[in-house]
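Participant: Quick one: sequence plus predicted model below, questions after.
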Amino acid sequence: MNPTAMPADLAAVAERRARLAAAYWRRNLALIAVLMLVGFAATFVPVYWAPELSSLRCFGWPLPFYMGAQGAMLVYLLLIVCYAIGQRHNDAHFKRALAALEACARNGAAITDGREAR
(Lines give C-alpha, C1' and ligand atoms only; values in the text may rest on other atoms or scores of the structure.)
Protein backbone atom coordinates (compact mmCIF):
# COMPACT_ATOMS: atom_id res chain seq x y z
CA MET A 1 0.00 0.00 0.00
CA ASN A 2 1.02 3.60 -0.52
CA PRO A 3 2.69 4.83 2.69
CA THR A 4 1.41 8.36 2.04
CA ALA A 5 -2.20 7.19 1.72
CA MET A 6 -4.78 9.18 3.59
CA PRO A 7 -6.50 7.54 6.60
CA ALA A 8 -9.77 7.65 4.66
CA ASP A 9 -8.13 5.56 1.94
CA LEU A 10 -6.97 3.05 4.52
CA ALA A 11 -10.47 2.94 5.96
CA ALA A 12 -11.92 2.37 2.48
CA VAL A 13 -9.46 -0.46 1.83
CA ALA A 14 -10.23 -2.05 5.18
CA GLU A 15 -13.97 -1.77 4.57
CA ARG A 16 -13.67 -3.29 1.10
CA ARG A 17 -11.50 -6.13 2.45
CA ALA A 18 -14.12 -6.84 5.10
CA ARG A 19 -16.84 -6.95 2.42
CA LEU A 20 -14.73 -9.29 0.29
CA ALA A 21 -14.16 -11.59 3.27
CA ALA A 22 -17.88 -11.60 4.07
CA ALA A 23 -18.72 -12.46 0.45
CA TYR A 24 -16.10 -15.23 0.48
CA TRP A 25 -17.63 -16.69 3.63
CA ARG A 26 -21.18 -16.50 2.23
CA ARG A 27 -20.07 -18.38 -0.90
CA ASN A 28 -18.33 -20.96 1.27
CA LEU A 29 -21.42 -21.47 3.44
CA ALA A 30 -23.69 -21.73 0.39
CA LEU A 31 -21.45 -24.42 -1.11
CA ILE A 32 -21.38 -26.34 2.17
CA ALA A 33 -25.18 -26.08 2.56
CA VAL A 34 -25.85 -27.46 -0.92
CA LEU A 35 -23.39 -30.32 -0.48
CA MET A 36 -24.80 -31.17 2.94
CA LEU A 37 -28.31 -31.31 1.50
CA VAL A 38 -27.13 -33.69 -1.21
CA GLY A 39 -25.37 -35.83 1.41
CA PHE A 40 -28.49 -35.86 3.58
CA ALA A 41 -30.61 -36.90 0.59
CA ALA A 42 -28.17 -39.69 -0.32
CA THR A 43 -28.30 -40.97 3.26
CA PHE A 44 -31.92 -40.43 4.25
CA VAL A 45 -34.02 -40.95 1.10
CA PRO A 46 -33.03 -44.56 0.30
CA VAL A 47 -33.60 -45.62 3.91
CA TYR A 48 -36.86 -43.76 4.53
CA TRP A 49 -38.47 -44.77 1.26
CA ALA A 50 -36.86 -48.21 1.02
CA PRO A 51 -40.11 -50.14 0.42
CA GLU A 52 -41.17 -47.81 -2.40
CA LEU A 53 -37.69 -47.71 -3.96
CA SER A 54 -36.99 -51.44 -3.71
CA SER A 55 -38.46 -52.01 -7.18
CA LEU A 56 -35.70 -49.83 -8.68
CA ARG A 57 -32.55 -51.76 -9.52
CA CYS A 58 -28.98 -50.52 -9.53
CA PHE A 59 -26.41 -52.98 -10.91
CA GLY A 60 -28.86 -55.81 -10.24
CA TRP A 61 -29.54 -54.88 -6.62
CA PRO A 62 -32.49 -53.02 -5.09
CA LEU A 63 -31.62 -49.31 -4.91
CA PRO A 64 -31.93 -48.97 -1.10
CA PHE A 65 -29.61 -51.94 -0.59
CA TYR A 66 -27.09 -50.62 -3.12
CA MET A 67 -27.12 -47.13 -1.58
CA GLY A 68 -26.65 -48.58 1.90
CA ALA A 69 -23.89 -50.94 0.80
CA GLN A 70 -21.76 -48.68 -1.39
CA GLY A 71 -23.72 -46.12 -3.33
CA ALA A 72 -23.81 -43.57 -0.51
CA MET A 73 -20.04 -43.83 -0.09
CA LEU A 74 -19.59 -43.04 -3.77
CA VAL A 75 -21.86 -40.02 -3.35
CA TYR A 76 -19.79 -38.87 -0.35
CA LEU A 77 -16.57 -39.16 -2.37
CA LEU A 78 -18.18 -37.16 -5.16
CA LEU A 79 -19.23 -34.52 -2.62
CA ILE A 80 -15.63 -34.22 -1.41
CA VAL A 81 -14.41 -33.74 -4.97
CA CYS A 82 -17.12 -31.14 -5.62
CA TYR A 83 -16.18 -29.29 -2.43
CA ALA A 84 -12.50 -29.25 -3.35
CA ILE A 85 -13.24 -27.92 -6.84
CA GLY A 86 -15.75 -25.37 -5.56
CA GLN A 87 -13.40 -24.12 -2.85
CA ARG A 88 -10.51 -23.87 -5.31
CA HIS A 89 -12.72 -21.69 -7.52
CA ASN A 90 -13.86 -19.62 -4.52
CA ASP A 91 -10.28 -19.16 -3.29
CA ALA A 92 -9.09 -18.07 -6.75
CA HIS A 93 -11.95 -15.57 -7.02
CA PHE A 94 -11.13 -14.14 -3.59
CA LYS A 95 -7.39 -13.91 -4.34
CA ARG A 96 -8.07 -12.08 -7.63
CA ALA A 97 -10.38 -9.62 -5.87
CA LEU A 98 -7.82 -9.01 -3.10
CA ALA A 99 -5.02 -8.54 -5.63
CA ALA A 100 -7.12 -6.00 -7.54
CA LEU A 101 -7.91 -4.17 -4.31
CA GLU A 102 -4.26 -4.07 -3.27
CA ALA A 103 -3.26 -2.84 -6.73
CA CYS A 104 -5.80 -0.03 -6.53
CA ALA A 105 -4.58 0.91 -3.06
CA ARG A 106 -0.93 0.87 -4.18
CA ASN A 107 -1.62 3.01 -7.23
CA GLY A 108 -3.72 5.47 -5.28
CA ALA A 109 -6.82 4.73 -7.35
CA ALA A 110 -10.27 5.24 -5.88
CA ILE A 111 -11.54 2.29 -3.88
CA THR A 112 -15.07 1.38 -4.89
CA ASP A 113 -17.34 -1.39 -3.74
CA GLY A 114 -17.30 -3.02 -7.18
CA ARG A 115 -20.78 -1.92 -8.19
CA GLU A 116 -21.40 0.34 -11.14
CA ALA A 117 -23.04 3.71 -10.55
CA ARG A 118 -26.45 3.98 -12.18
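Facilitator: That came through fine. Numbering: from 1, shown residues only.
Participant: gap between the closest residue to residue 43 other than its chain neighbours and residue 84?
Facilitator: Sequence neighbours aside, residue 72 is the residue nearest to residue 43 in space, at 5.8 Å (criterion: CB to CB, 6 or more residues apart in numbering). C-betas here are computed from N, CA, C, even on glycine. Look at residue 72 and residue 84: by CB to CB, to the nearest Å, they are 19 Å apart.
Participant: Remind me which helix or strand residue 45 belongs to.
Facilitator: Secondary structure assigned from DSSP states H and E places residue 45 in helix 7-48.
Participant: Can you list the neighbours in contact with the helix or strand following that helix?
Facilitator: Of the helices and strands lying after helix 7-48 in sequence (DSSP H and E), the nearest is helix 50-53. Helix 50-53 is contacted from outside by 45-46, 62-64, using CB atoms under 8 Å, 6 or more residues apart in numbering.
Participant: one more time with 6 Å, if that's ok
Facilitator: By CB atoms under 6 Å, 6 or more residues apart in numbering, the list of residues contacting helix 50-53 from outside reads 63-64.
Participant: who does the helix or strand following that helix pair up with?
Facilitator: Counting by DSSP H and E, the next helix or strand C-terminal to helix 50-53 is strand 57-58. Neighbouring strands of strand 57-58 in its sheet, by DSSP bridges, are strand 61-62 (antiparallel).
Participant: so how far is the partner strand off the chain centroid?
Facilitator: Centre-to-centre, strand 61-62 and its host chain are 34 Å apart (CA atoms, centre = their mean, to the nearest Å).
Participant: Show the average pLDDT along it.
Facilitator: Per-residue pLDDT values across strand 61-62 average out to 86.
Participant: Then stretch 10-29?
Facilitator: For stretch 10-29, mean pLDDT is 92.
Participant: From the chain's centre, how far out is it? Work that out for me.
Facilitator: 15 Å.
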